[in-house]
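J.: Model the structure of this input:
(2 chains)
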Number of protein chains: 2
Amino acid sequence: MSVTVVGSIAFDAVTTPFGTRERMLGGSAVHFALAASFFDVVHVVGPVGDDFGEDEYAVLRRRQVDTSDVEHVPGGKTFFWRGEYGWDLNERETLDTQLGVFAEFEPKLSESSRAADVVFLGNIQPDLQRRVREQCDEAKFVALDSMNLWIETARDSLVETIRSVDCLMLNDAELRELTREPNFVRAATQVRDWGPRVVIAKQGQYGALMISDEGFFALPAYPLETVVDPTGAGDCFAGGFMGYVASQLDGGGGLDHELLTQAMAYGTALASFNVEEFGVERVVRLTSEEVAERVSELRRMTYFAERPVELRR
Amino acid sequence: MSVTVVGSIAFDAVTTPFGTRERMLGGSAVHFALAASFFDVVHVVGPVGDDFGEDEYAVLRRRQVDTSDVEHVPGGKTFFWRGEYGWDLNERETLDTQLGVFAEFEPKLSESSRAADVVFLGNIQPDLQRRVREQCDEAKFVALDSMNLWIETARDSLVETIRSVDCLMLNDAELRELTREPNFVRAATQVRDWGPRVVIAKQGQYGALMISDEGFFALPAYPLETVVDPTGAGDCFAGGFMGYVASQLDGGGGLDHELLTQAMAYGTALASFNVEEFGVERVVRLTSEEVAERVSELRRMTYFAERPVELRR
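T.: Numbers count the residues shown, from 1 in each chain, chains lettered A, B, ... in the order given. A predicted model of the protein is given here:
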């Protein structure tokens, strides 16, 4: 029954040890939508300015993403972000952020966006996330991402929004900052007390760790010889995860632990492709066969058989 | 056919957010031996001073560890380390190191220590590690751990020692420092060119990542609500890993990928118990049933079934 995402639609300027791109299509909603498009129809909600043209729309439409809720603000400028990564890609510095049309954004969802079963509230101001959440009152599974900026400047609103979702996906360090708990288990327990039954800590190059009603599940990141640009990896993870959930709800499946473990695998696979090249360059070329193959490879590299062993007392 | 370990036998003073211990039994050889003792007979090689008494020997002997190559240096003082961990336990500072009897240590192995199939060269000066390696010329599987100190002060000797072993186990950050490669895949390729066919990056709270001839294998750390003291976790990982390898070689098994994946699981399980309390407090109380149960739990929390899915093109 489709997926709706609200988040940034952006132009990014990125420098990594492997080069620089001065202006490329990016933003949380874009990365999410391209990844989720392997599983279901995706409705993108967000504003763009006059600088957002046919070439950019075409990238989304080639993957059959529904752009009818992409709001063109006449005279406006599309959100812009400039960042630079350090040598091992674990640290990044934001050099410039221009909100542009996002400064005045008021989300208005069409009927089809409101009717989605699965909704992802990408990393934007938590009041805006909540207004989208309220419009999607038939959703069966809603997840939210956020960042240190909102934890530091709008914590109360963020916590209120988190109370209204089923799943919180946050970077490891941000989950610690949000809950003031250094330990994942305690941090997740606190968040689950607020409402979400699923909490996922995204651990960057190390993978992702999830807790649900049925306990823990964790996957390492897929090891790559070259990571070119980590921008958007978390959103691609979310796209693979939520896209998989949507495709299974379409098939009438329940939202059980097994479904969530599969979703973790698809999220991990999609994120791993995204970082292989700058921006969306790799994912726009990605094939469904490549996705399936990487999920199989991920299964192989985490599987160990059950082998009873005689231990010494 | 038993396991031999050379490494520090120490008294540790440790402060973590959960408290302080002024003097407790520790050291890489001790943590390793207690963990490996669940799988096979372990011979500990290393020096102690007059302050190392019957109580300390008893801890090892209760787990049937062979202490006949623990060399008592009359008039000497046992190796001492004092360290303090930060709030999230990821950073630690060494406040004091007193080499004591280690300053003059010259490893001399008995017949039974030399005859071990499996040898672990714990984190000590690489020349000493090599002298032990040379005495164990019938070993079928030798692994080595090291640290930033030796990478910075004795790199050539360390690389020479690495050339003589089958497996390098190193902290993530130290593997990067040793190879000057930020990327695990490239770092591991470089180490494998030196000789070891197995390279394991220990990632602390995130788990461990291995590469062998047959590709990657990775496991997350077991999630715990309370991590009291990470000291010795890496050595317990090594103890579980090498102990399992030894027990399987005893049974006539070959050293294949499946064996190594199981070894990763036992290493991960043993490390997870070690950090639950200070020093060796938890592992000395550990039962073989608890070990087996945690390995099963680890399997459950990383397993996802094979489920073909129709992806959109």
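J.: surely residue A:181 meets residue A:187?
T.: Yes. Judged on C-beta atoms under 8 Å, residue A:181 makes contact with residue A:187 at a distance of 4.0 Å. Quick note: C-beta positions are derived from backbone N, CA and C, even for glycine.
J.: Of these two, give the one with the bigger neighbour count.
T.: Counted by other C-beta atoms under 10 Å in any protein chain shown, residue A:181 and residue A:187 do not tie: residue A:187 has more neighbours, with 23 against 17.
J.: how about the strands of the stretch 51-200 of chain A, start to end?
T.: Secondary structure of the stretch 51-200 of chain A (DSSP state E, counting those that start in this stretch): strands at A:70-72, A:79-85, A:92-98, A:118-121, A:141-144, A:167-171, A:198-202.
J.: Show me which residues of the stretch 51-200 of chain A sit near chain B.
T.: Within the stretch 51-200 of chain A, the positions near chain B by C-beta under 8 Å from any C-beta of the partner chain are A:64, A:87-89, A:176, A:182-186, A:189.
J.: Lowest-confidence member of the residues you listed, which is it?
T.: Among those, residue A:88 carries the lowest pLDDT, at 80.
J.: so what's the backbone phi/psi at that one?
T.: According to degrees, to the nearest 10, the main-chain angles of residue A:88 amount to phi -100, psi 10.
J.: Point out the most buried one among the strands of the stretch 51-200 of chain A.
T.: The highest average neighbour count among the strands of the stretch 51-200 of chain A, using mean count of other C-beta atoms under 10 Å in any protein chain shown, belongs to strand A:118-121 at a mean of 32.
J.: Spell out which strands sit alongside it in the sheet and which way each one runs.
T.: According to DSSP bridges, strand A:118-121 has the following sheet partners: strand A:3-6 (parallel), strand A:141-144 (parallel).
J.: I'd like the mean pLDDT over the first one, please.
T.: The pLDDT scores in strand A:3-6 average 98.
J.: Need the residues that contact that strand.
T.: Applying C-beta atoms under 8 Å, 6 or more residues apart in numbering or on different chains, the contact partners of strand A:3-6 are A:28-29, A:32-33, A:36, A:39-46, A:107, A:109, A:113-114, A:116-122, A:124, A:128-129, A:132, A:136, A:139, A:239, A:242-243, A:246.
J.: Following the chain onward from that strand, which element is next?
T.: Once the chain leaves strand A:3-6, the next helix or strand it forms, by DSSP states H and E, is strand A:10-16.
J.: Can you give the contact residues for that following strand?
T.: Residues outside strand A:10-16 that contact it (C-beta under 8 Å, 6+ apart) are A:20-27, A:30, A:51, A:78-85, A:89, A:96, A:228-231, A:278-279.
J.: Report the inter-axis angle for the helix or strand just after it versus strand A:79-85.
T.: Using DSSP H and E, the helix or strand that follows strand A:10-16 in sequence is strand A:19-26. Note on geometry: by axes from the mean of the first three to the mean of the last three C-alpha atoms, to 10 degrees, strand A:19-26 and strand A:79-85 are set 150 degrees apart in direction.
J.: Which other helices and strands does strand A:19-26 contact?
T.: Strand A:19-26 sits against strand A:10-16, with contacts defined as 3 or more C-beta pairs under 8 Å, 6 or more residues apart in numbering or on different chains; DSSP states H and E.
J.: What pairs with the strand it packs on, parallel or antiparallel?
T.: strand A:19-26 (antiparallel), strand A:79-85 (parallel).
J.: can you redo the strands of the stretch 51-200 of chain A as CSV with mean pLDDT?
T.: Below are these laid out as CSV (pLDDT from 0 to 100):
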stretch, mean pLDDT
strand A:70-72, 96
strand A:79-85, 96
strand A:92-98, 94
strand A:118-121, 98
strand A:141-144, 98
strand A:167-171, 97
strand A:198-202, 98
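J.: Helix or strand for the residue most central in space within chain A, just tell me which one.
T.: Centroid-nearest residue in chain A, with C-alpha atoms, centre = their mean: residue A:235, separated by 2.5 Å. Taking DSSP H and E as the definition, residue A:235 sits inside helix A:233-250.
J.: What of residue A:289?
T.: Element membership for residue A:289, per DSSP H and E: helix A:288-300.
J.: how about that helix, does it reach chain B?
T.: Yes. Legend: contact between helix A:288-300 and chain B by C-beta under 8 Å from any C-beta is shown at A:288, A:291-292, A:296, A:299-300.
J.: Which of those sits closest to chain B?
T.: For the residues of helix A:288-300 next to chain B, the minimum distance to chain B (C-beta to the nearest C-beta) is 3.5 Å, reached by residue A:288.
J.: Surely the closest one and residue B:311 touch.
T.: Yes. Under the criterion of C-beta under 8 Å, residue A:288 makes contact with residue B:311 at 3.5 Å.
J.: Those two: which is more packed in?
T.: Between residue A:288 and residue B:311, counted using other C-beta under 10 Å, residue B:311 has the larger neighbour count: 19 against 14.
J.: can you tell me how far that one sits from chain A?
T.: From residue B:311 over to chain A the distance is 3 Å, taken as C-beta to the nearest C-beta, to the nearest Å.
J.: For my notes, confirm that residue occurs in a helix.
T.: No. Residue B:311: not assigned to a helix; according to DSSP: H, G, I helix; E, B strand; the rest coil it is coil.
J.: Mind pulling the model confidence for it?
T.: On pLDDT, residue B:311 comes in at 93.
J.: do the same with residue A:254
T.: With respect to pLDDT, residue A:254 scores 84.
J.: What is the burial count for it?
T.: 8.
J.: ok, residue A:256 - contacts?
T.: Contacts for residue A:256 (C-beta under 8 Å, 6+ apart) come out as residue A:214.
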